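**Q** Pasting the sequence and the predicted model now:
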Amino acid sequence: MTARYDYSEWDGTQEFTDLDVDDLLAGLTDDLLAGGDLDDALRRMLRSGMRTANGEQIPGLRDLLEQLRRRRAELLAEGDPDGRMAEISSRLDEIEADERAAIDELVEDATERRMALDLQPGDPAGRIQSLQHYDFVSSEARQQFEDLVEELRREMADTFFEGASDALSSMSPEQMARMRDAYDALNQMLEQRERGEELDPSFEQFMEQFGDMFPGNPSTLDELLEQLAERMAAAQAVWNSLSPEQQAQLRGLMEAVLEDMDLRWQVERLAQNLQRAVPGAGWERSYNFEGEGPMSLSRATDLASQLGQLDNMEEMLQSASSPAALSEIDLDQVRSHMGEDAARALDRLAKLTKSLADAGLIEQHGGRTELTPRGARRLGQKALNDLFGQINKDRIGDHSTVSTGSGHDREETTKAYEYGDPLNLHLSTTVHNAVRRGGSGVPVRLSPEDFEVIETEALARSATVLLVDLSMSMPMRDNFVPAKKMAMALQTLISSKFPRDFLGIVGFSEVAREIRPDELPTAMWDYVYGTNLQHALALARRMLAHQHGTKQIIVVTDGEPTAHIDDYGEVLFNYPPVPETLRRTMAEVIRCTRANIVINCFALDLQRTHYPFVEQIARVNGGRTFYTTPDALGGYVLVDFLKHRRVMRPAG
């Protein structure tokens, strides 16, 4: 079947699908291994972000919160609502100056008109109210005043009904009455709904009559109420941001501009009804506008509405305890306030858990997120690939030998027979060679040059127990995560390449315990004192007792034995190590040696200790000691395992 691909120009609506689950898992690995909790690792990734395979850094919640706060500062610095009063006063001054100039040209009544202007109130609201009843001499001044009042009325309309001034082409008495009727109908519906009565008018009737005043085109009453509550709560936030003196001036201005007292009452009535209907809209908010220029009340309300959205967004980002919680954030608002990149990053962060779950790498158990067996295998494979990538060798881990023996694994490759080769004929290839040489027909006569034999490699069975130090010093010296990565890589190597081999894992601190492979990613160090190598060796020896093939114990530690189990089963801890602990540990080394178990020690930070006990283990047991660093540990262990895996016939 031929695949077909359709290409189109990017328009911003396409879904981003570049979240690679291996990238996600890799980003979680160190935190998961260090803390042992997948939910905590996911939360840390949410906060810090992640890097994709192509090197792109996806910002985390910390970065997005910082960007959000910068955006808030920009909005607060745009202007100052209090400056609007000063701007209105300045325009009234210009209107009065034009009027006085016209009065100066009069022959009669000039003194009386000047006195009327001299007696104007000092505040903008009082001046507007007085000038509404003043008989202007200057037609130009009268037109300027009417334009100012019209502008303020439209500003008031947009303050409480966003976009209403577009529907109301002029603030004539008829349009003012229509706005009043809209408020009255809304209040009736809210009060009827609160009492549980049937709505009259119905929502559909209301929208048919007044729908042009609501640019959002809400489809339900609840949607309309949320839209109105957000707008009026923003207006309330602006009001809350003003000083008592400023509030008094604004109240007077509203009374002066909205001469229809019933309209002002309807506005206040609607605000009270909405506060009861939508109590969580943020009615108590206030903002410290810091801009220098004047800002209209409607513009201040626009900004307060945006600031309210940012507040809600910030609260959700701060409280998000899992990627799924981010799905509740409105990406359109994020895109509007913070740009496409931020919306894209948030969308990708929200899909972290889902992407990993869809890939079968994680699952929920009892309210907790856990790795699936597939996820644990994927982590181990990643650890193995990373370690091999650090090793600068062309070929590592070739288990092939020139000898053959019982129990070998057959490969599907053949070669021409040579003297001395085992006569493991590949029959179909051998017959094919004979037919090609002698032609078709029967009988088919074979000769030695026709022989093709199956190539084989003899594989020895190996049994290994890995002892990993889980004492407190391991995380304190940053050895814990590298040791776990090495253990996961070794387990993956053996299970995938040498499935006939045995690998056991033992963690030890005050006491030793067996760790299953699926427990490795979440295995944690022990918050206790003690490095009980004696108990760990004894447990490993018992695990190897019934295994066949070469046997070895790999010890990874950053200290000396400081604990042992006495004859009564009690754990005794001493630091510095006491002779009894060293004696009992060495006795266990001797038991392992007698059982033909090789002990190889990988010592981390041994320069911090006073007694390199691991060297004595090597002298007694015949194994090897490696002094290494956390970064080189994994490579050392894997290379040594592959290089020194001995070939021997399986025990009969």
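**A** Received, thanks.
**Q** pLDDT below threshold where in the stretch 51-200 of the chain?
**A** 53, 107, 162-171 (pLDDT under 70).
**Q** What ranges does it have for its helices?
**A** In the stretch 51-200 of the chain, the helices defined using DSSP state H, counting those that start in this stretch lie at 61-76, 82-103, 110-118, 124-131, 139-160, 164-167, 173-195.
**Q** list the contacts for Val137?
**A** For Val137, the contacting residues are Glu99, Ala102, Ile103, Leu106, Arg113, by CB atoms under 8 Å, 6 or more residues apart in numbering. (Each C-beta comes from the backbone N, C-alpha and C, glycine too.)
**Q** same thing but 6 Å
**A** Ala102, Ile103 (CB atoms under 6 Å, 6 or more residues apart in numbering).
**Q** now Gly438
**A** Shown in contact with Gly438 (CB under 6 Å, 6+ apart): Arg445.
**Q** Repeat that for Phe502.
**A** Per CB under 6 Å, 6+ apart, neighbours of Phe502: Ala463, Gln547.
**Q** Just grab the bridge partners of it for me.
**A** Beta-bridge partners for Phe502, by DSSP bridges, are Ala463.
**Q** Can you give me the separation between it and His548?
**A** According to CB to CB, to the nearest Å, Phe502 stands 8 Å off from His548.
**Q** Please apply the same query to Glu155.
**A** Relative to His548, and taking CB to CB, Glu155 is found at 90 Å.
**Q** okay, the two: which has more neighbours?
**A** Glu155 (19 against 15; other CB atoms under 10 Å).
**Q** Mean pLDDT per helix and strand in this structure: which one sits at the bottom?
**A** Counting by mean pLDDT, DSSP states H and E, the chain has its least confident helix or strand at helix 164-167, which shows a mean of 55.
**Q** the strands in the stretch 351-500 of the chain, which residues?
**A** For the stretch 351-500 of the chain, the strands defined by DSSP state E, counting those that start in this stretch occupy 362-365, 368-371, 409-416, 452-457, 462-469.
**Q** Least confident of those strands, on average?
**A** Per-stretch mean pLDDT for the strands of the stretch 351-500 of the chain is lowest at strand 409-416 (a mean of 60).
**Q** who's in contact with Val444?
**A** Per CB under 6 Å, 6+ apart, neighbours of Val444: Ala434.
**Q** Kindly report the same for Thr369.
**A** Leu38, Asp39, Ile362.
**Q** Dump those residues into TSV; add neighbour count and distance to Asp123 as well.
**A** Formatted as TSV, the contacts of Thr369 follow (neighbours: other CB atoms under 10 Å; distance: CB to CB, whole Å):
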residue	neighbour count	distance to Asp123
Leu38	21	64
Asp39	17	59
Ile362	26	65
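**Q** between the residues you listed, which is nearest Asp135?
**A** Ranked by distance to Asp135 (CB to CB), the contacts of Thr369 are led by Asp39 at 75.9 Å.
**Q** In three-state terms, label the closest one for me.
**A** Secondary structure, DSSP: H, G, I helix; E, B strand; the rest coil: Asp39 is helix.
**Q** which one is it nearest to, not counting chain neighbours?
**A** Thr369 (5.0 Å; CB to CB, 6 or more residues apart in numbering).
**Q** Also Gln129?
**A** Ala256 (4.1 Å).
**Q** Looking at the helices of the stretch 51-200 of the chain, which is nearest to Asn217?
**A** Of all those, it is helix 164-167 that lies closest to Asn217, at 12.0 Å by CB to CB.
**Q** What's the separation between Thr629 and Val506?
**A** In terms of CB to CB, Thr629 sits 23 Å off from Val506.
**Q** Looking at these two, which has the bigger crowd around it?
**A** Between Thr629 and Val506, counted using other CB under 10 Å, Val506 has the larger neighbour count: 22 against 11.
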